[in-house]
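Asker: using only what follows, build the 3D model:
(chains A, B and C)
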Amino acid sequence: MTLPPEVSTQAVGVLTGTPVPPEPVQQPVDRPQPAPAADARTRVKSSVKRAVKPVYDRVAPRLFAVVVRRAEQLERELAAANARLDALEGRTAAGAPDRVNLALLVEQVRANSINQTLLKAEFADVLRRFDELGMAIAPATGIDGAAVRLAEQREQISSLDRRLRVLDSRVNAQAAAVQARTDDAQAPAAPAPAATGAEPVPGFDYVGFERRFRGAPDEVLRIQRERYVPLLAGHGPVVDIGCGRGELLTALAEAGTDGVGVEPEPGMAAEARARGLTIAETDAVAFLRDAEPGSLGAIFSAHVVEHVELDYLLEFIHLAVSRLRPGGLFVAETPNPASLIVLGNSYILDPTHVRPLHPSLLAFLCENAGFRDVRLNFYSPAEGYHLPTVDPELGEVAAAVSTGFGRLNDVLFGAQEYTVVATRGPA
Amino acid sequence: MDVIVCGAQVPFVRGGAELHMDNIVKAMQEAGHRAELVHLPTAWEKDRLFDAPLAWRMLPLDADVVISTNFPSYYARHPRKVVWLFHQHRGAYDAIDAPWSDLGLDDDALEVQRQLTEWDTRALGEARHVFTTSHVVADRLARYNGLEGEALYHPPPLAERLHTGEMGDYVFTPTRLETNKRPDLIVDAMSHVSSPVRAVVAGRGSMTADLAARVERGGLGDRVSLPGFVPDDDLVEQYAGALGVIYAPFDEDYGYVTLQAFLAGKPVITSHDAGGVLEWVEDGVTGYVTDGTPEGVADAVERLAADRENARAMGEEGRRRASELSWPAVVERLLSASA
Amino acid sequence: MSDLRIGIAVHAGLSDELHDALVRIAERCDVAPVSDGGRFDAVVRTAESTPAHGERALVWLDDPEAPVPAWASAVLTAPRTADAVAATAPVPVVPLGPAPRHPSARPLAPFTRDRVRRARGLTGPSVAHGGPDGWTWDGADVPDDAVATAAALASVVVAHDEPAAVLAAAWAAPVVAPADVRAEVGLPDVGDDLEAAAESLLADAVARARHARACRAAYERTYDADGAVRTLATVLGVRPSSPWRTGYADALDGLGTPAGSNVRARAHDALRSLRSHR
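Answerer: All right, here's what the predicted structure looks like:
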């Protein structure tokens, strides 16, 4: 049993600064020979010993040396084996962090693959629902056929809509016919003759068209109000040709200027009347013919004049001059074909446009009809399409490009609509 | 519950420790548990000191609770081990400088002492709870191993047979006649006692001859009797008829004699260095604590003889205190600590 | 050193402390990820995971407030939280974490120290101070290669930094240290007046012994990875597969027996005649 070396005599010597000499090696102590006893056995033993002793003395040291050498060698081998074991243990211990990290990594991979499996399961679930949706929309073809099916259904709905409108107009026609007969107060009317020949075709769904392409109604009305209420205020009575639901007239009424709306579409007219406005359910020329000469303060039309034939337009302008009082305003807003984008885009979109009216043409017509003061106001340049300009400071090429692009912008993407404001002179 | 009580065995010897272990087993059985004593022989020489602890370490003890009592039985391994420590190997601790201890100051012995301390601390530290037989043992445990022990007192042998009696004319001491029990102190003290009080020192041991010689030298043949071994029945009667009991061993662990004296309603005369005896003898209340000199002891004897009523009162107080001890209480305490 | 095969069922994002504990286990037993399959003596998991059926699981806890799951056979935790967790845990708590330090240090209780000092002729109160500037013994400087000797033999060690405190505690010295060092090492509190504490310990042998034992216990709790893994093996009821070959080495290791101790040779001898030699 040994104390830890740290508390050995040597170590304490180092601690106190009083070095201790190493312990002397113990010499083996000769055990004293027992005194020979008297009996015969001992006497024999002693004599044998005496005889053997010289031999023993010669041989023993060599034997001892061999044994000691062997013992030392075994000790060295044991020490070496222990050292190797220690090294092995050390290597094993040193590898511990790596083994732990590997295990953690494997677990992480497993957790990830579990997540992946879960995700795949979820995804499969989503796909399944998608399939079911597809089946619901388009049985037998699934989600791929759904788009086609939806398109077909849209067609069906549109066709239903068309048939409804046909029915609607037929009902209106019938109602009108009944009305006429009731006015005549005659015998019960025979049912209106069905249209012969080809299948009745509903007219152009202008309402739907407008809804789709005119732009946000609020925005349109706001712009209209902004542009024209200041212009028209005080020029009552104002005639709004194609007044629709009468928003502008309402705004003018709020501004203290009364007016009349001309709206051939009965639904719109009804709505306008519901706002308390006076509406003539007729067309512009018919109304103006009926009006008293010099009785109107202003005649306004937005996006009307491009829908009428030339003769109609000429009569309209002529009647306008006549029916306006001195100082009255003729205001007509129409798309500007001088801006080429309009021709390629918004103008041709509407199939009921008759002809594009160049601003100079409309101005000429107004002038020719007898309006004293004819001005043109341009609105809504197609800025979204403008070609980029280049800083002319950058050099000649830049300057040339800049000028060129500027011109192109004007020609291609200029004001998309204009208004002619013509004033009637004194009588 | 199945309880295994563990202790060290000294073959062919039956002393207080063996009696105590048997009493624990009996008390457990009387409380309705199955109890067995497992005791293994032990060697205390430093070369073989660790053999028996290792043997205890390897024992398969299949029971609900294991109660270990002394070195090296507390080396037993069990999840519900409770130690009720009688004593450790005192030769490595408080008695290391005694002549009979083989642990000197050479490196070998120092390492044995170091390793034993480490081993003891670990083995005792494993226990659910460590009780000791007295504060003396607990104090040693704290001083040498830094561990906490709770004193758990138990009734002495013959508790149920001891009874009070007359306050007689003799002081009684039943003890082994060994140096540490200091029976010579009693003999020497008697030569200073002038009152007609006798002393009876019963028991056997290596000091028998020495004591006889002392008695003869002091001419105390008619004052001090050495009856040798006294059977239990006589012992009970000797206690009952005594004036008091002198018990002044050196640094005793517990001291059955004290409690037996109290249960017989007798005051105890002891000395200041008697160890565990002092946990029971309160000077002037249950007896006298002297300076350990023959004169001091003699003086105490005189005081008892002079005031028998006071002696009886002190004995009665001792009896009251000692009768609070019970084996069922001990069993309950040991087993509840194992939970 | 142990026949345990421990499975790892925790993955990334784990704390450094858990990683340390796993490395300590890996240095002493077989570890493998649970995905590898096979029989495991126990599997290390965190509280949120669920053990497989019939698996013995060890739960890693670093929060003393966290409840111990019902499936846990034992709790693994860092030494700094071991006491707090053990106070409420219904199963054994095994602290594991830092790599062992001073593995060759052997505890010398104050009484043993007294005797060794007597044998070496060292008189005086023998108070050693250890700190960043080196060690002193009763005021005199201690050469670096005698620092362990000072830690092993001083009556009281006043440690001013953590390395000194750990070295002294490893040798079971009664260590007195400032509050921050105490907290780092887990040493018992003796107040902040180090001189007064050292004085009172010098005067009271019982207090000194108790204190020294507590210091060594704190050291073992943190740095005795071998002991912790042995406790784990005991908790799991795993016995070495061939104890007759090792000659009760495990039982002796568990008691902290040095390699050169007599009793090892005696145990080996006791069984030698029972072994077959081929």
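Asker: which parts of the stretch 101-250 of chain B sit against chain C?
Answerer: With C-beta under 8 Å from any C-beta of the partner chain as the criterion, the stretch 101-250 of chain B meets chain C at residues B:105-107, B:110, B:113-115, B:117-119, B:121-123, B:139, B:142-148. Any C-beta I mention is one placed from the backbone N, CA and C, and that applies to glycine too.
Asker: centre of the chain to stretch B:112-121, how far?
Answerer: 24 Å (C-alpha atoms, centre = their mean, to the nearest Å).
Asker: show residues contacting it.
Answerer: Here stretch B:112-121 makes contact (C-beta atoms under 8 Å, 6 or more residues apart in numbering or on different chains) with A:1, A:3, B:46, B:49-50, B:53, B:71, B:74-75, B:88-89, B:92, B:96, B:103, B:144-147, C:106-109, C:111-112, C:115-116, C:213, C:255-258, C:261.
Asker: same question for stretch B:253-262.
Answerer: B:16, B:86-87, B:133-134, B:136-137, B:153, B:155-159, B:162, B:172-175, B:239, B:242, B:244-245, B:247, B:249, B:267-268, B:270, B:274-277, B:280-281, B:286, B:315, B:318-319, B:321-322, B:325.
Asker: now stretch A:310-321
Answerer: Applying C-beta under 8 Å, 6+ apart, the external contacts of stretch A:310-321 come out as A:284-285, A:288-289, A:299, A:305, A:308, A:330, A:355, A:365-366, A:369-371, A:424.
Asker: need the buried ones from these selected in ChimeraX.
Answerer: The ChimeraX command for the buried members of the contacts of stretch A:310-321 (criterion: 16 or more other C-beta atoms under 10 Å in any protein chain shown) is given here:
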select /A:284,285,288,299,305,308,330,365,366,369,371,424
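Asker: ok, how many other residues are close to residue A:57?
Answerer: 9 (other C-beta atoms under 10 Å in any protein chain shown).
Asker: hmm, I was thinking of residue C:205
Answerer: When neighbours are counted by other C-beta under 10 Å, residue C:205 registers 16.
Asker: quick check: phi and psi on it?
Answerer: Main-chain torsions, residue C:205, degrees, to the nearest 10: phi -70, psi -40.
Asker: need the contact list for the residue nearest to it when sequence neighbours are not counted.
Answerer: Take residue C:205 and drop its neighbours on the chain: the residue closest to it by C-beta to C-beta, 6 or more residues apart in numbering or on different chains is residue B:143, 5.5 Å away. Each residue near residue B:143 by C-beta under 8 Å, 6+ apart is listed here: B:94, C:111, C:205-206, C:209.
Asker: pick the one among the residues you listed closest to chain A.
Answerer: Lowest distance from chain A to the contacts of residue B:143 (C-beta to the nearest C-beta) belongs to residue C:111, with 14.1 Å.
Asker: could you check how far the nearest residue to residue B:266 once chain neighbours are set aside is from residue B:9?
Answerer: Leaving aside its sequence neighbours, residue B:266 sits nearest to residue B:315 (C-beta to C-beta, 6+ apart; 4.6 Å). For residue B:315, the distance to residue B:9 (C-beta to C-beta, to the nearest Å) stands at 37 Å.
Asker: then residue A:333?
Answerer: Going from residue A:333 to residue B:9 by C-beta to C-beta gives 125 Å.
Asker: ok, residue B:249 next?
Answerer: Distance of residue B:249 to residue B:9, computed by C-beta to C-beta: 24 Å.
Asker: before we move on, what about residue B:245?
Answerer: Residue B:245 is 30 Å from residue B:9, by C-beta to C-beta.
Asker: those two: who's more crowded?
Answerer: The neighbour count for residue B:245 versus residue B:9, taken as other C-beta under 10 Å, is higher for residue B:245 (29 against 17).
Asker: quick one: secondary structure of the more buried one?
Answerer: Secondary structure for residue B:245, judged by DSSP: H, G, I helix; E, B strand; the rest coil, is strand.
Asker: tell me the mean pLDDT over the strand or helix carrying residue B:258?
Answerer: Taking DSSP states H and E as the criterion, residue B:258 maps to helix B:256-263. Averaged over helix B:256-263, pLDDT sits at 95.
Asker: can you pull the buried residues of that helix?
Answerer: By neighbour count with 16+ other C-beta under 10 Å, helix B:256-263 contains the buried residues B:256-263.
Asker: and what of stretch B:325-339?
Answerer: B:325, B:327, B:330-331, B:333-335, B:337-338.
Asker: the strands in the stretch 51-200 of chain C, which residues?
Answerer: C:57-60, C:72-77, C:93-95, C:127-131, C:134-137, C:140-142, C:156-159, C:175-176 (DSSP state E, counting those that start in this stretch).
Asker: residues in contact with the longest one?
Answerer: Meaning strand C:72-77. Strand C:72-77 has contacts (C-beta under 8 Å, 6+ apart) with C:18, C:21, C:42, C:44, C:56-62, C:68, C:85, C:89, C:91-96, C:232, C:235-236.
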